[in-house]
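A.B. asks: Okay, sequence plus prediction incoming.
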Amino acid sequence: MDKITSKSNPLIKNVSKLLDSSKERQRQGRFVLEGARLCFDVLKSPCRVSTFLITESAAEKYSVQAQKMFDCADRAYLISQQAADRLSQTENTQGIFAVCELPKIKYAIQKGKKYIAMDGVQNPSNFGSVIRTAEALGIDGAICFNCCDAYNPKSLRASMGGILRLPVMISRNLVNDINEAKKNGFEVFASVPVGGKDITEIIFPKSSICVIGNEANGISSGVKAAADKLVQIRMSGKAESLNASAAGVILMWEMMRGI
């Protein structure tokens, strides 16, 4: 197996670009996973691994999982600790990286299922946390409009691999998509800090979509107007609102309650 020792190696430089740039990820059609949990989780997903990079010490520590990655990846390399440090987006790298192809599967909203929609969620950690919760609670998919890059390294880490398994649909016009879903029997709920019905009083039908808004500005006026109902999380403290990920946990728990 080839070994890369220099942190200035062209492949290392290219992987670094993919980690740092959303435009580069889109241009190349690839993204990068870091760490044992995420890299080995990709084996359970439909994502194709084009390049696997691992330090010798990590290959010894995770010998069984590493061998599976060697077998499935198009290319695999041992890398030096210096090269791993150059790539790492974490304080203490595990020395494991997988360059994967962006999913080519185009998901569509299906009747009889429940979806979480994000309208302008820009914080990658919030975005990834919503995906993680959705996948954990059994939400059928996520609809994302004007959000941060789903394959940002911070989003990937926060999702704990959920982004690799949960169907994620990128919306070009959320209002149009909501109206189309309503024609197909969906009921759409928009979460607001005030002026909505208590979320605990809502019974979510099998075909439903609940929308979470931008961290600073909430849900856009067009989406609120298109929704069937406005819902809110009742709060007894002095805080005016919850952040997107915390609100998402409560909303999705209520969506799935009783199933």
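C.D. replies: Thanks, I have the structure now.
A.B. asks: what about I12, neighbour count?
C.D. replies: Look at I12: counted by other Cβ atoms under 10 Å, it has 23 neighbours. From N, CA and C alone the C-beta is placed, and that goes for glycine too.
A.B. asks: where's it, which helix or strand?
C.D. replies: Element membership for I12 (DSSP states H and E) is helix 10-20.
A.B. asks: as a whole number, average confidence for the helix or strand encompassing F127?
C.D. replies: For F127, the host element (DSSP H and E) is helix 124-137. Across helix 124-137, pLDDT averages out at 96.
A.B. asks: Whichever helix or strand comes after that helix packs against which elements?
C.D. replies: Using DSSP H and E, the helix or strand that follows helix 124-137 in sequence is strand 141-145. Contact analysis of strand 141-145 by 3 or more Cβ pairs under 8 Å, 6 or more residues apart in numbering; DSSP states H and E lists strand 114-119, helix 124-137, strand 168-171, helix 174-183 as its packing neighbours.
A.B. asks: which other residues reach strand 141-145?
C.D. replies: Strand 141-145 has contacts (Cβ atoms under 8 Å, 6 or more residues apart in numbering) with 107, 109, 113, 115-121, 127, 130-131, 134, 150, 166-174, 177, 209.
A.B. asks: Any quick PyMOL command for the buried ones out of these?
C.D. replies: PyMOL command restricting the contacts of strand 141-145 to the buried ones, with burial defined by 16 or more other Cβ atoms under 10 Å:
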select buried, resi 107+109+115+116+117+118+119+120+121+127+130+131+134+150+166+167+168+169+171+174+177+209
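A.B. asks: Neighbours of the residue lying closest to N179 once chain neighbours are set aside, how many?
C.D. replies: Nearest residue to N179 in three dimensions, chain neighbours excluded: A226, at 5.9 Å (Cβ to Cβ, 6 or more residues apart in numbering). For A226, the count of nearby residues is 20 (other Cβ under 10 Å).
A.B. asks: avg pLDDT for the helix holding I12?
C.D. replies: Confidence over helix 10-20 (mean pLDDT, whole number) is 96.
A.B. asks: Average pLDDT for the helix or strand where F40 lies, rounded please.
C.D. replies: Element membership of F40, judged by DSSP H and E, is helix 36-41. Helix 36-41 shows a mean pLDDT of 93.
A.B. asks: Which SSE is immediately downstream of it?
C.D. replies: strand 49-55.
A.B. asks: Going by neighbour count, which residues of that following strand are buried?
C.D. replies: Neighbour count says strand 49-55 has V49, T51, F52, L53, I54, T55 buried, by 16+ other Cβ under 10 Å.
A.B. asks: Got the phi and psi for the closest residue to the last one other than its chain neighbours?
C.D. replies: The one in question is T55. In space, and not counting its chain neighbours, T55 is closest to G95: 3.4 Å by Cβ to Cβ, 6+ apart. Reported as degrees, to the nearest 10, the phi and psi values for G95 are phi 80, psi 30.
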